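Participant: after the sequence you'll find the predicted model.
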Amino acid sequence: MSWYLPGSWSDNSSLLAAIRLSLKKSTPFQRRCDRRIDYDTRLGHYANWTRCNPAFQKYACFDCRKVFKCTSSKEDGPIIKGPWYPPHCPSCGKEGRRVGTAFKAPSRNDLCGWKELREWVESGGEESAQKSLMQERRASRQRLRVDDRSRISMDERRKRIEALQKASELGVRTSEEERKLSIIRTFKGKTTKESWGVVVGL
């Protein structure tokens, strides 16, 4: 069955968007979040939204004692910054609490463990854990950047050692050594072997 809407595609895009949104809201307890995209009638397009990093975050439902993931789809469109709504539990339909990617849930029969986890998450423990994890990752990336800048390859190190050895055999002075010699000439008036050895560290 095919149908035709008068006007150009840009005129019909808002109508098609509203139809698509109504279809998404007809199944409220699906695995993907049903409130990710909100149609803004004032602006005439979808409201801005954002997706968690990298859209495979773990969420927990403490009533069902279940952990589920928020998967993404190509139908969701581009990732734009804006409001984020957590996904619903596929069993009971309640909003899930984000617990992070490294979360390991206890068994479903461990009622005390789930109760302690619920209190910990509601008191903000997971947010502080996520912040500390992000700070550790940022610090490790910074350390890697510094190591990459200061690290030289073994071939480059070997070439530098060989060049220094050849220069010392030939009596060739580097620019740094020449600068030190000029300092000695300036303050002592003449260059002696003893003063040169003191400056160079021989």
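Facilitator: Good, I have the coordinates. Numbering: from 1, shown residues only.
Participant: for this structure, give me the ranges with low pLDDT.
Facilitator: Applying pLDDT under 70 to the chain flags the ranges 1-57, 70-86, 100-102, 125-137, 139-152, 171-202.
Participant: which ones are touching the closest residue to V99 other than its chain neighbours?
Facilitator: Distance criterion Cβ to Cβ, 6 or more residues apart in numbering; nearest residue to V99, sequence neighbours excluded, is A60 at 4.8 Å. The C-beta positions use only the backbone N, C-alpha and C, and glycine is treated the same way. Under the criterion of Cβ atoms under 8 Å, 6 or more residues apart in numbering, the neighbours of A60 are 66-68, 96-97, 99, 103, 105, 117, 121.
Participant: host element of A60?
Facilitator: Secondary structure assignment for A60, by DSSP states H and E: strand 58-61.
Participant: contacts for the next helix or strand after that strand next, please.
Facilitator: From strand 58-61 onward toward the C-terminus, using DSSP H and E, the following helix or strand is strand 66-69. Applying Cβ under 8 Å, 6+ apart, the set of residues contacting strand 66-69 from outside is 31, 56-61, 87, 89-91, 96, 99, 103, 105, 108.
Participant: who does strand 66-69 pair up with?
Facilitator: Note on strand 66-69: by DSSP bridges, its sheet partners are strand 58-61 (antiparallel).
Participant: secondary structure class for A105?
Facilitator: Using DSSP: H, G, I helix; E, B strand; the rest coil, the secondary structure recorded for A105 is coil.
Participant: number of nearby residues for it?
Facilitator: As a burial measure, the neighbour count of A105 was computed by other Cβ atoms under 10 Å and equals 15.
Participant: if the residue nearest to V99 is in a bridge, with which residues?
Facilitator: Bridge pairing for A60 (DSSP bridges) gives the partners V67, R97.
Participant: and the furthest pair within the contacts of strand 66-69?
Facilitator: F56 and R108 (21.9 Å; Cβ to Cβ).
Participant: tell me the one among the contacts of strand 66-69 nearest to R138.
Facilitator: Here the nearest of those to R138, counting by Cβ to Cβ, is Q57; it sits at 18.6 Å.
Participant: one step back: buried among the contacts of strand 66-69? Need that as a selection in ChimeraX.
Facilitator: Under the burial definition 16 or more other Cβ atoms under 10 Å, those of those that qualify are selected in ChimeraX by:
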select :57,58,59,60,61,87,89,96,99,103
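Participant: got the contact list for G113?
Facilitator: 106-107.
Participant: quick check: it vs A60, distance?
Facilitator: Noted for G113: a distance of 12 Å to A60, by Cβ to Cβ, to the nearest Å.
Participant: next one: A163
Facilitator: Between A163 and A60 the computed distance is 61 Å (Cβ to Cβ).
Participant: now K69
Facilitator: Here the criterion is Cβ to Cβ. By it, K69 lies 11 Å from A60.
Participant: kindly report the same for K166.
Facilitator: Taken as Cβ to Cβ, the spacing of K166 relative to A60 amounts to 66 Å.
Participant: just G124 next, same as before
Facilitator: The separation that G124 has from A60, given Cβ to Cβ, amounts to 15 Å.
Participant: now A167
Facilitator: 66 Å.
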